[in-house]
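Q: Build the 3D model from these lines:
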Amino acid sequence: MGKAIELPFGWRPRNYQLKAWRHFEGNKEGLRGVCVWHRRAGKDLFAINQIAVKSQERVGTYWHMLPTYKQGRAIVWNGFTREGKPFLSHFPRDMIAASYGAEMQMHFNNGSIYKVVGTDNIDSLVGTNPVGVVFSEYSLHDPGAWDYIRPILRENGGWALFIYTPRGKNHGWKLYQMAKDNPDWFCERLSVSDTVNEKGLPVISREAIEMDRKEGMSDQLISQEYFVDFNAPLEGAYYATQMERAQAEDRITNVPWDSRLPVDTAWDIGGDATSIVFTQSVNQEHRIIDYYENSGEPLPHYAKILHEKPYTYRNHFAPWDIVIKEYSTGKTRIEVAKSLGIKFKTTFKHDVLDGIEQVRSLLQLCWFDAKRCDRLVEALKSYRKEKQPERLGYSGEDSNERSFFKEEPLHDWASHPCDAFRYWAWNQKSKNHNRHGEEPPQTHAVDKYAYS
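A: Residues are numbered from 1 along each chain as shown. Purely as a prediction, here's the structure:
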């Protein structure tokens with residue numbers, strides 16, 4: 001008989017964490033929880049100890065998910081508490097069979113596996129079957145990751161916990177709104193005004209917050225991180241003001257396709273993902289009626305998607321590099337596309353920041369279909385500048401961090417939809433695309449290859 005191990009190991013839930021802890025207690029199926037807790041409320045440490053217990057109650061794979069793989073390594077796998085204790089030390093050595101640093105995973109003696117992953121490469125996880133998942137900093141995740149994981153957990157009775165602070169009214173806000181009205185979900189929002197320690201003192205003092213402000217932390221980030229305010233816009237977001245206005249003016253709604261009008265498409269064709277924006281324009285009004293995204297598929301797949309839709313197409317706008325010849329085929333993508341019936345017009349190469357300004361100028365004239373363009377809308381809300389951290393010390397959510405923004409955008413899940421939208425916006429200016437022989441508008445996509 002093996003040595004008895006007490007879990008949680010060297011940790012107890014803080015008094016304000018007890019409600020959430022009790023919700024997840026016991027080997028119950030299908031548990032869901034949303035914890036919108038302020039900075040330094042102990043979110044990731046809570047999650048690690050939750051996984052430590054759950055992994056011994058049910059044998060299976062458990063994911064601790066961060067927005068990026070790099071963040072997963074820095075914040076969790078190599079992370080420390082404010083007392084200098086490694087996060088991973090909350091898994092007792094006596095229950096660990098093996099630990100693999102390169103893959104960021106632990107194998108436990110009972111057969112369970114703990115793995116730190118990033119949703120920036122969700123395709124690499126295809127085929128796995130987790131029974132417990134923590135989304136850390138969910139408001140910064142690719143929202144498509146939950147759509148991928150949800151049916152897996154529904155089928156196997158697994159559980160999911162979402163821990164985060166707000167980043168505007170994006171998918172994190174939507175999830176919170178759903179959960180707080182759903183009796184099957186645990187849902188809690190705790191600001192610094194709601195949490196005290198065992199001595200009855202605030203977990204985060206007003207003096208500490210003011211110190212962060214003096215050291216350069218913006219008011220909007222303080223509102224989000226400490227006062228869990230969904231109304232504060234995402235820091236560094238390019239289109240936050242314009243998308244808030246679109247929401248307030250009910251321009252994110254049901255926008256039906258008008259069969260009397262031609263449809264333009266704009267594409268971002270990448271190695272990791274391809275995005276297509278479908279638009280119709282009437283005078284100065286632009287209707288964004290549809291959006292499609294996929295990854296790992298060749299051009300015939302996208303020709304099939306165009307062909308299956310009922311639209312009559314006019315222009316297909318592509319990025320400038322579509323005319324570059326690929327070594328593997330000896331052909332350019334524009335040649336391959338033309339053989340499939342897609343007659344691309346290439347967008348002139350331009351400075352990304354100039355293109356962002358063009359998008360800003362046009363967003364006030366745009367209407368978005370809320371259902372078909374949901375991912376595009378979320379991307380436009382989330383597209384932001386890349387942060388350049390000046391780290392004074394990094395230990396997960398307890399980090400003391402000052403930062404400034406780089407000029408260029410952050411490359412994450414929002415980049416591809418926003419790049420496609422930028423190509424569309426840039427082509428609304430005259431003479432911003434090459435016409436390649438002035439070919440007439442096409443009426444449908446003709447795929448000369450078999451679809452299968």
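
Q: where do the strands sit along the stretch 201-350 of the chain?
A: 252-253, 263-269, 274-282, 285-294, 313-318, 344-347 (DSSP state E, counting those that start in this stretch).

Q: what separates the nearest residue to W11 once chain neighbours are set aside from G101, distance-wise?
A: Spatial nearest neighbour of W11, chain neighbours left out: N49 (5.3 Å); criterion: C-beta to C-beta, 6 or more residues apart in numbering. Yep, even glycine has a C-beta here, placed from its N, CA and C like the rest. Going from N49 to G101 by C-beta to C-beta, to the nearest Å gives 21 Å.

Q: Just want to know which of the two has more residues nearby.
A: N49 (23 against 10; other C-beta atoms under 10 Å).

Q: Show the contacting residues for S89.
A: G10 (C-beta atoms under 8 Å, 6 or more residues apart in numbering).

Q: Now do the same for it: helix, strand or coil?
A: Under DSSP: H, G, I helix; E, B strand; the rest coil, S89 falls in the helix class.

Q: Distance check, it against L45.
A: From S89 to L45 the distance is 11 Å (C-beta to C-beta).

Q: so how many other residues sit close to E386?
A: Neighbour number of E386 under other C-beta under 10 Å is 13.

Q: actually E207, not the one I typed
A: When neighbours are defined as other C-beta under 10 Å, E207 has 8 of them.

Q: ok, now how distant is it from G172?
A: 28 Å.

Q: Likewise for A337?
A: In terms of C-beta to C-beta, A337 sits 37 Å off from G172.

Q: and if you look at P233?
A: In terms of C-beta to C-beta, P233 sits 13 Å off from G172.

Q: Low-confidence bits of the stretch 251-400 of the chain, can you list those?
A: 327-328, 388-400 (pLDDT under 70).

Q: quick one, what contacts the residue nearest the centre of the chain?
A: For the chain, the residue whose C-alpha lies nearest the mean C-alpha position (C-alpha atoms, centre = their mean) is D142; its distance is 1.9 Å. When contacts are counted by C-beta under 8 Å, 6+ apart, D142 is found next to 67, 119-120, 122, 412-413.

Q: Go through those residues and say which is closest to Y138.
A: P67 (8.5 Å; C-beta to C-beta).

Q: wait, what's in contact with the closest residue to the closest one other than its chain neighbours?
A: Nearest residue to P67 in three dimensions, chain neighbours excluded: L140, at 4.4 Å (C-beta to C-beta, 6+ apart). L140 is in contact with 67, 164, 167, 382, counting by C-beta under 8 Å, 6+ apart.

Q: Look up the pLDDT of L140 for me, please.
A: For L140, the model assigns a pLDDT of 94.

Q: how near is it to Q224?
A: 11 Å.

Q: what residues do these two have in common as contacts?
A: In contact with both L140 and Q224: R167, using C-beta under 8 Å, 6+ apart.

Q: Can you give me the pLDDT of the residue nearest to W11?
A: Model confidence at N49, given as pLDDT, is 97.

Q: And it, its phi and psi?
A: Dihedral pair for N49: phi -70, psi -30, per degrees, to the nearest 10.

Q: could you say which helix or strand contains the closest residue to K19 other than its chain neighbours?
A: The spatial neighbour of K19 that comes closest, neighbours along the chain excluded (C-beta to C-beta, 6+ apart), is E188 at 6.4 Å. Using DSSP states H and E, the element containing E188 is strand 185-190.

Q: which other residues reach that strand?
A: By C-beta under 8 Å, 6+ apart, strand 185-190 touches 16, 19-20, 23-24, 31-38, 41, 176, 178-180, 228.

Q: and it, which strands flank it?
A: strand 32-37 (parallel) (DSSP bridges).

Q: what does the partner strand rub up against?
A: Counting by C-beta under 8 Å, 6+ apart, 20, 23-24, 43, 46, 159-166, 172, 175-176, 179-180, 184-190, 195, 228 sit against strand 32-37.

Q: ok, now which ones touch A370?
A: For A370, the contacting residues are 252-255, 377, by C-beta under 8 Å, 6+ apart.

Q: Count the neighbours of the residue lying closest to H350 once chain neighbours are set aside for me.
A: Leaving aside its sequence neighbours, H350 sits nearest to W426 (C-beta to C-beta, 6+ apart; 6.0 Å). Neighbourhood size, W426 [other C-beta under 10 Å]: 22.
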